[in-house]
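*Asks:* Prediction below, plus the sequence it came from.
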Amino acid sequence: QKEVEQDPGPLSVPEGAIVSLNCTYSNSAFQYFMWYRQYSRKGPELLMYTYSSGNKEDGRFTAQVDKSSKYISLFIRDSQPSDSATYLCAMSGGLTGGGNKLTFGTGTQLKVEL
Amino acid sequence: NAGVTQTPKFQVLKTGQSMTLQCAQDMNHNSMYWYRQDPGMGLRLIYYSASEGTTDKGEVPNGYNVSRLNKREFSLRLESAAPSQTSVYFCASSEGATNEKLFFGSGTQLSVL
C-alpha cells in the first residue's frame, strides 16, 4: 500500500464547476500538506501549503486537511480552462534538512471543458 | 527571474552511455534536489543536497551520482545508462532546512534505448 493515495483521473468538468480533488495517506507523522499544479511538459509549481489540520483559502482555491481521517482535499471554485492540469498532493513530517522526505501522490489529471 | 534552470530539455541515450544533467537556481536557496517522475509512480527523490558541500541519497539513488558544485548548481550524472532510467527528471530547490516549499525546473525528458 502506498503512503499517499490519489485518484489519477482523468477528471473532466464543465467551466464554472466546483472541483474537488482528494488524497488519503497512512503516515500519521505527516504535518505539512501541499498541493502542486503541473501543466503538461512543465515542472510542478506550489499551489497551496498548509500545516496540520484546518482550511486555507487563496482566491478560488481552498485546501482542507482532516488529520483524524488522514484525508486532504483541494477545492477549485468557478473552474476555468486554464485550471486544466495535473494536481499533485504532497506531504511531509517536517524534519529538518533533506531528511524531511516529501511524499507525493501520483497526481489527478483535471480537464475543464468550455 | 529564471528560478530553476535545467539542461538539456530532451536527451536520447543508448544503453551504457553516460551523461550529466545540469541544474542551476538563482534564488539563493540552500537545498537542492533531483527527482524522477514516472507514470503511476509519482515523483521520487533520487538525491538531495541540504546545503552547499553536502549530498545524501534519496529514495531511488542506484545508478546515479550527484555533485553540488556550489550554492547555485547541482548536477546529476548517469554513469552507465539503462532503459530503466528512462524518465522525466526534475531538479528542485528550497530555501530553508525544511523542504516543503519546493521550486521545480521544467524537467529533462530522458530516453535510454
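*Replies:* Thanks, I have the structure now.
*Asks:* When you work out contacts or count neighbours from here on, use the C-alpha atoms and nothing else.
*Replies:* Fine.
*Asks:* Would you list the phi and psi of A:Asp83?
*Replies:* A:Asp83 adopts backbone torsions of phi -80, psi -10, taken as degrees, to the nearest 10.
*Asks:* okay, now it: neighbour count?
*Replies:* 18 (other CA atoms under 10 Å in any protein chain shown).
*Asks:* my guess is it contacts A:Gln109, does it?
*Replies:* No: with contact taken as CA atoms under 8 Å, A:Asp83 and A:Gln109 are classed as non-touching, separated by 10.4 Å.
*Asks:* quick one, what contacts B:Cys91?
*Replies:* B:Val4, B:Gln6, B:Cys23, B:Met32, B:Tyr33, B:Trp34, B:Tyr35, B:Phe104, B:Gly105, B:Gly107 (CA atoms under 8 Å, 6 or more residues apart in numbering or on different chains).
*Asks:* Just the element for it, please.
*Replies:* strand B:87-94 (DSSP states H and E).
*Asks:* Paired strands for that strand, with orientation please.
*Replies:* The strands beside strand B:87-94 in its sheet (DSSP bridges) come out as strand B:31-38 (antiparallel), strand B:103-104 (antiparallel), strand B:108-112 (antiparallel).
*Asks:* what is the mean pLDDT for whichever helix or strand comes after the longest one?
*Replies:* Tracing the chain past strand B:31-38, the next element assigned as helix or strand by DSSP H and E is strand B:42-49. Across strand B:42-49, pLDDT averages out at 92.
*Asks:* in strand B:42-49, what counts as buried?
*Replies:* B:Gly42, B:Leu43, B:Arg44, B:Leu45, B:Ile46, B:Tyr47, B:Tyr48, B:Ser49 (16 or more other CA atoms under 10 Å in any protein chain shown).
*Asks:* could you give the mean pLDDT of the very next helix or strand once past that strand?
*Replies:* Going down the chain from strand B:42-49, the next helix or strand is strand B:56-57, by DSSP H and E. Strand B:56-57 carries an average pLDDT of 92.
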